[in-house]
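A.B. asks: dropping the sequence and predicted coords here.
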Amino acid sequence: MFVHPQCPCTRASIEELNRLLARSREKVKAHVFFPTTTAHDWTTSSLRRNATAIPGVTVSDDPEGEQARLFGAETSGSVLLFDRAGKMIFHGGITSSRGHAGDNVGESAVLSLVVGEKTVVTQTPVFGCALLNAARDSSSETP
């Protein structure tokens, strides 16, 4: 998951990630990336603390949004799921709308894929703030 550290909508995505991992923790390795920039020190944001508190999640800095660009993640809350061979099998969001946690198509698709079930859904919309603004916008404190 890629997260803008100040995106209020992404709080729900972090909640959904926690729920999803509680049901599939043994089957998936989860990484959450936070863009960092010399203009902002967001290493203590509440979103980062919430992500760090999820058992089994590795939280990493993404200097200047380099990893987000590499993987094509443009919106906070973007989730990418890869199979064991390294092929991307899901890209999208795991909430149903901006800032709303609860059952949704993205979460169901990821869970199905993680447990080895088939799904026709491999991409869903992502509801959040522009992710790369965190890495390139040094003039603003919020997205």
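C.D. replies: Thanks, I have it.
A.B. asks: from residue 85, how far off is the residue nearest to residue 128 when sequence neighbours are not counted?
C.D. replies: Nearest residue to residue 128 in three dimensions, chain neighbours excluded: residue 76, at 3.5 Å (Cβ to Cβ, 6 or more residues apart in numbering). All C-beta atoms are positioned from the backbone trio N, CA, C, and that covers glycine. Between residue 76 and residue 85 the distance is 28 Å, computed by Cβ to Cβ, to the nearest Å.
A.B. asks: so which of these two has more stuff around it?
C.D. replies: Taking other Cβ atoms under 10 Å, residue 76 and residue 85 do not tie; residue 76 has more neighbours (31 against 6).
A.B. asks: which residues does that one contact?
C.D. replies: Residues counted as contacts of residue 76 (Cβ atoms under 8 Å, 6 or more residues apart in numbering) are 2-4, 7, 9-10, 13, 126, 128-131, 134, 143.
A.B. asks: which one of these is nearest residue 118?
C.D. replies: The shortest approach to residue 118 among the contacts of residue 76 belongs to residue 126, at 22.7 Å (Cβ to Cβ).
A.B. asks: tell me the phi and psi of that closest one?
C.D. replies: phi -110, psi 130 (degrees, to the nearest 10).
A.B. asks: I'd say it and residue 78 touch.
C.D. replies: Yes - with contact defined as Cβ atoms under 8 Å, residue 126 reaches residue 78; the gap is 5.0 Å.
A.B. asks: joint contacts of the two?
C.D. replies: Common neighbours of residue 126 and residue 78 (Cβ under 8 Å, 6+ apart) are 92, 93.
A.B. asks: so what touches the longest helix along the chain?
C.D. replies: Scanning the chain for the longest helix, with DSSP state H as the assignment, gives helix 10-24. Residues from elsewhere that reach helix 10-24 (Cβ under 8 Å, 6+ apart): 1, 3-4, 28, 30, 32, 46-47, 50-51, 54-57, 76-77, 79, 93-95, 99-101, 104, 107, 110-111, 114-115, 128-129.
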